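Visitor: pasting a predicted model and its sequence here:
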Amino acid sequence: MNYFTPSPRKAKNSDAFDGRMSPTSRTGSYRAPRRPIFTVTNFCFLFAGILIHALYTDKQYFMNFMHTNNTIDGGKRTPPPFVAAEVEGGPYYPKGKHLLVDLQGASGDVLNDRQGLEDTVVSIIKNAGMHMLSVSSHQLEPQGVSVVAAISESHLTIHTWPEHGAALIDLFTCGDSTDMLGILPTMVADFGGQLNMSKWSLVKRGSAGVSDLDKSVLSRQHIKKRNLASVKSEMQKIEVWSIDSSKEFEIDHEAVEEQELDAPVLSGKNTMLFLDDVLQSGTLDEHTYHETLVHPAMIAHERGPERVAILGGGEGATLREVLKYTSVKKVDMIEIDEKVIEISQKYLPSMGNCSWASNNQGTYLSCFDEPRTNVVNEDVISFLQSRFDFENCNDEDNKYDVIIMDLLDPEATSASDVSDDIYNANFFQHLSCALKSDGVLAIQIGEAPSGTALDPNFAKKLNLIQDIAKQFYPGGTFVYQQYVDTFNGEWTFSVSCKSAECSNRWMAEIGAVDSALHARLDPRIMTREELAYGKLQFFDGATMQKYHYPPKCLETHFCQLASEASLGVTPKECMLVNPFLSEHNVKPSDKSVTLVKDQNDVVHATAARTMNVGERVGLLEGGNSFKMSLSELRRLKDLANTTKNTNVFGNLADFVIKNGRTCETAGGHVFVSTDDQLVGLDNGCGAHASTNFMQVEEYFSTAQRFNPVLARHPEIACLGFVVVSAIEEGQALATDPAFKWNQIAGSNQC
């Protein structure tokens, strides 16, 4: 080994660069302003200067090493630990690992011992199986030490602040052979520090992609970051990590006792589950994700679900939310990897905590032990195919009221292409077959697309939604998003209904949702608040309101993809919602419609001018309308039949039925225009009228059963009309009825 120790440089000014000699000032006569002790720039300048000096001094040695591609370790020549390979057809990206440690809690005497630190550096390198090239150490004044070791893998450096018991450590190695996380505890201990007080991060260099584990845990500077579990099951690698995000940007000078795993989650503490380095859940805000996934579907079911199937969800939180409903009699949880359940119960007990359902107050009861729970360790594909074949799809026995898919993301890829096996039309056909005639399907479909740039995964995701929607027509498919902090992004979910009543309930108002939650949820979740596991922490009626319509990014990307597919031609439905692109729209000021009374004093709409095929009416009338849910309309009719004010309520109900318009896009809403161009437009029942208008939704309908443009603008889809046959001035105007009121509203619209 080659040891080189440059002469120490004395600092005359105690304030210059934290009381030490400035790398840019040998005289020390320049008085630098006081800076924080942990200034990265100071360390970088110092490290670069020492490393260059060391390599320059031993230039011939270093060049010999580079030419021979060998390392020298105790006089022996050994093969290099990492050899770069050429990559055909593209640039080569060298791989490496970079371990950064902000050491805390060390003895000042240890951190001020130049020779001791140098020996420790040499020992760490040797014990880790790395290969020494040279080491250089420097004693600073009044105190502090810098040590730089060049190794064939790259380098190891330490720069100390003995007066504060602190140091900065930098270890970089090329390739993947060095076990950095295995080195970390020993290295911190050898330098006299305390791991639970020190910040550290591990950054991968040159990798083709960055995993969730890298982004959420390893590359971030947390205090008390711990790997609680790391096991390899027959199917996958399972890891549990604990971090405290509130300690990422501050130094904790006192060792704090670890929080109990099954205690209520405190601010900043997050225990996260990873499967093959993909983040599944975090205790800090898992209620946001799981309540968003479960409760919209459970509330939309019209009767109150009794049999529920959960596909995946081995951590237990999805199961926990389902079991809060008193109507539920049985839950089949299909989780192929029983090891996930085992690890989750041990390290993530809060996710499967059903203690609110315990018969004896204070007795812990895991949701997996709840009598209604039936765990099936089987592949979800074989589970569905073996129990629900297409030939017996009409048999309602043993079918489910609600199925919840909490599986891997659609964009996930693997050698076995599991994602493609699950997210396809055939699989969704099996799901539809496994549901009763009024069943509901809830799915998490991965990270939401960006609101600006076209997401490369969006086309696949849109096709996935279309495959789902085709199996749940005409009930309806609803797509919604929710920000999940642990995932650091918006997450996409969908709920699909097999019945029209489910769609009606989906559009329920705030009070109706809150009332349904109160009626369906187990009252015990509210009486034992001290446990904080049963009470809903995120979802309520107001939250549900923002899920009624798909997010804007879906509309944007849908139109962009359709435009690219048609060589830049903007799709007609996308032009409808853009007043600057929409052509042939009848403006509100354009009196194209005249209202006249017939001999029976019934108001009808007639054309005030000639209208050509393709003209559109009502596209801009969303602001001149009001909406009413079909449930509200039914209650209004019932009120008219049970009160003395029959004429008042009955007349209002009749007005809505006669002039209101709804469509499949609207779910459970009916829109009523208050504009005089549309009031009096016959719904196609009058014997005197011919059908010359077609509803926008029907006019632009395609093989696609989910159209985010129309879904985001139901007032246009329902109130807007397109002229489908030429109309002469004075001709009565009529529409083609696209909704069966006698089935939905309990009354015939004619």
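Guide: Sure, I can see it.
Visitor: just the helices in the stretch 251-400 of the chain please.
Guide: Counting by DSSP state H, counting those that start in this stretch, the stretch 251-400 of the chain has helices at residues 286-300, 317-322, 338-347, 380-387.
Visitor: now the last one: how far from the chain's centre is it?
Guide: The one in question is helix 380-387. For helix 380-387, the distance from its own C-alpha centre to the chain's C-alpha centre is 27 Å (Cα atoms, centre = their mean, to the nearest Å).
Visitor: helix or strand: which one has residue 446?
Guide: In the assignment (DSSP states H and E), residue 446 maps to strand 435-447.
Visitor: now that strand: buried residues?
Guide: 435, 436, 438, 439, 440, 441, 442, 443, 444, 445, 446, 447 (16 or more other Cβ atoms under 10 Å). Backbone N, C-alpha and C define where each C-beta goes, glycine included.
Visitor: export the helix or strand just after it as CSV, just CAs?
Guide: Downstream of strand 435-447, the next assigned helix or strand under DSSP H and E is helix 458-471. The C-alpha coordinates for helix 458-471 follow below in CSV (Å, rounded to 0.1, in the frame of the first residue of the first chain):
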residue,chain,number,x,y,z
PHE,A,458,-51.5,5.8,-21.2
ALA,A,459,-52.5,4.0,-24.4
LYS,A,460,-52.2,0.7,-22.6
LYS,A,461,-54.2,2.0,-19.6
LEU,A,462,-56.9,3.4,-21.9
ASN,A,463,-57.3,0.1,-23.7
LEU,A,464,-57.5,-1.6,-20.3
ILE,A,465,-60.3,0.7,-19.2
GLN,A,466,-62.1,0.1,-22.5
ASP,A,467,-61.8,-3.7,-21.9
ILE,A,468,-63.4,-3.3,-18.5
ALA,A,469,-66.2,-1.0,-19.7
LYS,A,470,-67.2,-3.4,-22.5
GLN,A,471,-68.0,-6.0,-19.8
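Visitor: buried sites along the helix or strand just after helix 458-471?
Guide: Following helix 458-471 in sequence order, the next helix or strand is strand 476-484 (DSSP H and E). Neighbour counts over strand 476-484 (16+ other Cβ under 10 Å) mark 476, 477, 478, 479, 480, 481, 482, 484 as buried.
Visitor: list the contacts of the following helix or strand past strand 476-484.
Guide: Using DSSP H and E, the helix or strand that directly follows strand 476-484 along the chain is strand 489-497. Residues external to strand 489-497 that are found in contact with it (Cβ atoms under 8 Å, 6 or more residues apart in numbering): 289, 292-293, 296-297, 300, 440-448, 461, 465, 468-469, 471-472, 475-484, 503, 506, 551.
Visitor: strand 489-497: how far from the chain's middle?
Guide: In terms of Cα atoms, centre = their mean, the centre of strand 489-497 is found 9 Å from the chain centre.
Visitor: need the mean per-residue confidence for it.
Guide: Per-residue pLDDT values across strand 489-497 average out to 93.
Visitor: adjacent strands (with direction) for it?
Guide: Applying DSSP bridges, strand 489-497 is found paired with strand 435-447 (antiparallel), strand 476-484 (antiparallel).
Visitor: so which of those gets nearest residue 112?
Guide: strand 476-484 (46.8 Å; Cβ to Cβ).
Visitor: touching that closest one from outside, list them.
Guide: So strand 476-484 is contacted by 285, 288-289, 292, 296, 445, 448, 465, 468-469, 489-497, 500, 502-503, 506, 546-548, 550-551, 554, 664, 667, 705-706, 708, 711 (Cβ under 8 Å, 6+ apart).
Visitor: quick revisit: for residue 242, state which of the buried residues of strand 476-484 is nearest.
Guide: For the buried residues of strand 476-484, the nearest to residue 242 is residue 484 (18.5 Å; Cβ to Cβ).
Visitor: beta partners for that closest one?
Guide: Counting by DSSP bridges, residue 484 is bridged to residue 489.
Visitor: pretty sure residue 409 contacts residue 447?
Guide: Yes - between residue 409 and residue 447 a contact is recorded at 6.9 Å, counting by Cβ atoms under 8 Å.
Visitor: export the strand holding residue 446 as PDB, just CAs?
Guide: C-alpha atoms of strand 435-447 as PDB (Å, rounded to 0.1, in the frame of the first residue of the first chain):
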ATOM      1  CA  LEU A 435     -70.200 -11.000 -10.200                       C
ATOM      2  CA  LYS A 436     -74.000 -11.100  -9.700                       C
ATOM      3  CA  SER A 437     -76.300  -9.200 -12.000                       C
ATOM      4  CA  ASP A 438     -76.000  -6.100  -9.700                       C
ATOM      5  CA  GLY A 439     -72.300  -6.700  -8.900                       C
ATOM      6  CA  VAL A 440     -69.600  -4.000  -8.700                       C
ATOM      7  CA  LEU A 441     -65.900  -4.200  -9.600                       C
ATOM      8  CA  ALA A 442     -63.300  -2.000  -8.100                       C
ATOM      9  CA  ILE A 443     -59.700  -1.900  -9.500                       C
ATOM     10  CA  GLN A 444     -56.600   0.100  -8.800                       C
ATOM     11  CA  ILE A 445     -55.000   0.700 -12.200                       C
ATOM     12  CA  GLY A 446     -51.700   2.300 -11.300                       C
ATOM     13  CA  GLU A 447     -50.200   5.800 -11.400                       C
END
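Visitor: that one: how far from the chain's middle?
Guide: Worked out by Cα atoms, centre = their mean, strand 435-447 lies 17 Å from the chain centre.
Visitor: strands of the stretch 651-750 of the chain, residue ranges please.
Guide: For the stretch 651-750 of the chain, the strands defined by DSSP state E, counting those that start in this stretch cover 660-661, 669-673, 693-695, 721-723.
Visitor: using TSV, please lay out those together with distance to residue 422 and mean pLDDT.
Guide: Listed next are the strands of the stretch 651-750 of the chain as TSV, based on distance: least, Cβ to Cβ, whole Å; pLDDT from 0 to 100:
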stretch	distance to residue 422	mean pLDDT
strand 660-661	39	80
strand 669-673	33	83
strand 693-695	36	75
strand 721-723	39	82
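Visitor: and of those, who's closest to residue 537?
Guide: Comparing those by Cβ to Cβ, strand 669-673 comes nearest, at 29.1 Å.
Visitor: name the SS class of the residue in the chain sticking out farthest from the centre, please.
Guide: What lies farthest from the middle of the chain is residue 599; by Cα atoms, centre = their mean that is 61.0 Å. Of the three states, residue 599 takes coil under DSSP: H, G, I helix; E, B strand; the rest coil.
Visitor: tell me the pLDDT at it?
Guide: Reported pLDDT for residue 599: 75.
Visitor: any idea how far residue 605 is from it?
Guide: Residue 599 is 17 Å from residue 605, where distance means Cβ to Cβ, to the nearest Å.
Visitor: that'll do, ta.
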